[in-house]
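Q: make a model of this:
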Amino acid sequence: MGPAPALSSLAVRTFVANGPVSAVLRSGDSIYLGGRFNRIGPRTGPGVEVSLDGSQIAGLPEFAGAGPAQFNGSGGMVSSVVSDGSGGWYVGGLFSHVGAVPRTNLAHIRADRSVDPVFAPTLDAQVQTMVLSGSTLYVAGPFTSIGGQARNRIAALNVTDGSVTAFNPNADGPVSALALSADGSILYAGGRFTTIGGLPRLSIAALSTATGAATPTFNPSTTGTVGGGRVDALARSGSTLYVGGTFSSIGGALRHNIAALSLGAPTDGAPIAAFNANPSQGTCTACASISALTVAGPTVYAAGSFTTIGGQPRARLAGLNAADGLATAFNPNPDGTIFTLLVAGPLLYVGGSFRSIGGQPRNNAASVGLVDGVPTAFNPDTNNSVQTVAVAGSAVFLGGYFSSLGGVVRHSLAALSALDGTVTDFNPNPGGVNGGTPLVSALAVSGTTIYAGGNFASMGGQARASLAAMDAASGSVTSWDPGARYGTSPGSVESLAVSGDVIYVGGTFNKVGSEVRSSLAAVSATDGATTPWNPYPNSAVDEVVVAGDLVYVAGYFTTIGGQTRNKVAALRTSDGTATSWNPDATAQANVLALAVSGSTVYLGGNFTSIGGIPRKNIAAVTIADGTTTSFDPTASDPMSGGGVHSLAVHGDTVYAAGFFSLLGGQTRHLIGAVDAVTGSATSFNPHGAPGFGAFDLDLAPDGTLYAAGSFLTLDRAFQQGFAQFSAETDPIPVVPEGAPWLLVAVGVGLASVLARRRRTAFAS
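A: Residues are numbered from 1 along each chain as shown. Presented below is the predicted three-dimensional model:
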């Protein structure tokens, strides 16, 4: 074996899926993906700039989270953005990098789309909301430290250099909403606190921007069914402050979840009696809430959880008369939650988690007319929720939990061009069993034909029981139709291997074609006829690899080919009988991955011993007699057990994918690499997020590594389902949005003898 080219630990900025990817296969100029997803789109990260028609504007650096900045396995998120007034943006959320530049949860993007090198305050938690006033940026969130200064949940920064000002209201609870007075001398704060600015205040306060002290005259106080209620939204218009959240009274007046307060003497903070929109869920006012507010002229726009507001049926979004709170005719009727509202010109921009608004399909972001609520053509089509929207000139900034914009509908099977990264026309469109979601979990290639296995009932509109063949370019389904069934229903195909004119099929089924076959079969690549080859394992087969005149198989079985074999065996291609090769995995275990390299077979799965020798989930045995070698990386995880689901070998490096958090003596989540002889971890460390898994690996001849799984992120990347690691030395390969995907063309794929779901490579 020779040295393999070093791979960057940072995933190339590829297209991503919106669901788990179970299988990845590189063949020629195409990368085939199988799994359970319905859309493939460009990776944008959770912050993106779009034009007024919703199309992506190129050049914005990617916001991404890593390590401790990750949130529930996401690749960071953007929760607040404001225009800097000069063509740039202040962006807050939960992230650790903007492009190649370290920035913790707050950054300034200049008009040329570069990261401001001077503005670099570090926060110990998320920026949830912010407002800009002259040369001061006010920020709020669950942080307790900013720029090295102790600041509890609210702070102010000098926009010139990012330094923390003396402003320090020191809230004792969450601050989630901010608004400024007309002259900028007062900052209104809402949240769930009891003390702020040095005075007792229940969930709402007015703070002097000069001193940070709470003003003595403004003290509405909220009450609620839980504690003192909560304020989640503020919007000022003239001398009126509109307040939304979850409360039952404010300023001593009965108001459910929304109110209008008078500002200034002599009635500072007093509820305006005429305004009483009284939102409710059905007949339950305590069940409703307001999450976002904005004002345009005589209308207050309110979003939240309600079915009635202002005396009219309105679902989740309404226009209210600013004087009396009665509902206007504005009624877009979104089908999901709204998190943010923004008025720009004659339009209301809406962000949230929804699929339609105003009777038109829109995913998570839209703009509608201020009067009629009719959606415009603006349709960015994000793949997850939008939490914040800002508009400056002809640019709209969207932030949230999304990782991709636009994209192409592809159900569970797709292909990307390896030359420019775009989705190709390959679209076989599998159909699920009994109307369920189809699963494609195995892929193989032979010449110009792609073979797919999984759990599905149709392919390209034609009945296919978990096995199908397609033209590699067009995706048109061929007549090849062996069918893998369990009883009368489609079975589950987990692995495919092609050798000449024979396709080996492993999974969980009891019939292939018209023949009884238990979990393992061989069929003709020409007409799909089941061959006489029949090793008859007594349980599921999860991996099949062909090498020469032997078929190596792994799974859950204890007998196969007429012999006792625990979870792994070598079978003769001539008659399906087991050879004497017998690594003998732990009885109560499984083997899920195989990689053949020279005189060695690498094994992965969930086991504690191989051949009676202690080995945790990853091992190596000789190809000659199955004897366990000294290779002992150990893959483990305290929660999942640390199973290894796929292996790939290149030169002197073994790549592993699975559910582990420790590999080769080092912390490695989901994907890692070890020395093929010593088993010690290499420096390759994509930093997967705990709680997710990687299912499949594929190696191109030049060493480019492809990975598939249920992961949402890898280091500095909101990289859902699919990732590519190249041998390029650029520390952070970033492709601007809208630019071609920079990939190394690798020519033809590996020999078809190695084409299968958990595809592995002989050492090169």
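Q: only C-alpha atoms for contact and neighbour calcs from this point on.
A: OK.
Q: which ones are touching Ser403?
A: Val16, Arg43, Thr44, Gly45, Pro46, Thr382, Asn383, Asn384, Phe718, Gln719, Gln720 (Cα atoms under 8 Å, 6 or more residues apart in numbering).
Q: please redo it, this time with the cut-off set to 10 Å
A: Counting by Cα atoms under 10 Å, 6 or more residues apart in numbering, Ser403 touches 15-18, 41-48, 63-64, 74-77, 382-385, 712-713, 717-720.
Q: same question, Gly664
A: Gly664 neighbours (Cα under 10 Å, 6+ apart): 618, 631-636, 672-675, 678-682.
Q: next, Val433: phi, psi?
A: phi -80, psi 130 (degrees, to the nearest 10).
Q: for Leu25, which non-adjacent residue is closest in space?
A: Leaving aside its chain neighbours, Leu25 sits nearest to Tyr32 (5.1 Å; criterion: Cα to Cα, 6 or more residues apart in numbering).
Q: ditto for Phe426
A: Gly475 (4.5 Å).
Q: so that neighbour sits right up against Ala452, yeah?
A: No - when contacts are counted by Cα atoms under 10 Å, Gly475 is not listed as touching Ala452 (11.2 Å).
Q: need the residues touching each of those two.
A: Joint contacts of Gly475 and Ala452 (Cα under 10 Å, 6+ apart) are Leu413, Met459, Ala469.
Q: could you flag which of these are buried?
A: Leu413, Met459, Ala469 (16 or more other Cα atoms under 10 Å).
Q: in contact with the first one, which residues?
A: By Cα under 10 Å, 6+ apart, the contact set of Leu413 is 21, 23, 32-40, 426-430, 438-441, 443, 452, 459, 475.
Q: filter those down to the ones in strands?
A: 21, 23, 32-35, 39-40, 439-441, 443, 452, 459 (DSSP state E).
Q: need those in CSV with distance to Ile146 and pLDDT, can you?
A: Shown next, in CSV, are those (distance: Cα to Cα, whole Å; pLDDT from 0 to 100):
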residue, distance to Ile146, pLDDT
Val21, 39, 98
Ala23, 43, 98
Tyr32, 45, 98
Leu33, 43, 98
Gly34, 44, 98
Gly35, 42, 98
Arg39, 39, 92
Ile40, 38, 95
Leu439, 46, 98
Val440, 47, 98
Ser441, 46, 98
Leu443, 50, 98
Ala452, 52, 98
Met459, 55, 98
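Q: of the residues you listed - the most surrounded one?
A: Counting neighbours by other Cα atoms under 10 Å, Ala23 leads the ones in strands among the contacts of Leu413 with 35 neighbours.
Q: give the contact list for it.
A: 32-35, 413, 440-444, 452-454, 494-495, 694-698, 706-709, 721-722, 756-759 are the contacts of Ala23 under Cα under 10 Å, 6+ apart.
Q: how near is it to Ala593?
A: 13 Å (Cα to Cα, to the nearest Å).
Q: same check, this time on Gly491
A: Plainly put, Gly491 is 21 Å away from Ala593 if you go by Cα to Cα.
Q: which of the two has more residues huddled nearby?
A: Neighbour totals were compared for Gly491 and Ala593, and Ala593 leads with 35 against 27 (other Cα under 10 Å).
Q: any regions of the protein where pLDDT drops low?
A: 1-5, 66-75, 225-227, 728-764 (pLDDT under 70).
Q: sorry, back to before: buried among the contacts of Gly664? Make that a PyMOL selection.
A: One line in PyMOL is enough to select the buried members of the contacts of Gly664, burial here meaning 16+ other Cα under 10 Å:
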select buried, resi 618+631+632+633+634+635+636+672+673+674+675+679+680+681+682
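Q: tell me the one of the contacts of Gly664 nearest Gly184?
A: Closest to Gly184 out of those is Gly672 (52.5 Å), distances taken as Cα to Cα.
Q: that closest one contacts Pro686, doesn't it?
A: Yes - using Cα under 10 Å, Gly672 is in contact with Pro686, at 7.2 Å.
Q: for these two, list the residues in contact with both.
A: Listed as contacting both Gly672 and Pro686 by Cα under 10 Å, 6+ apart are Ser9.
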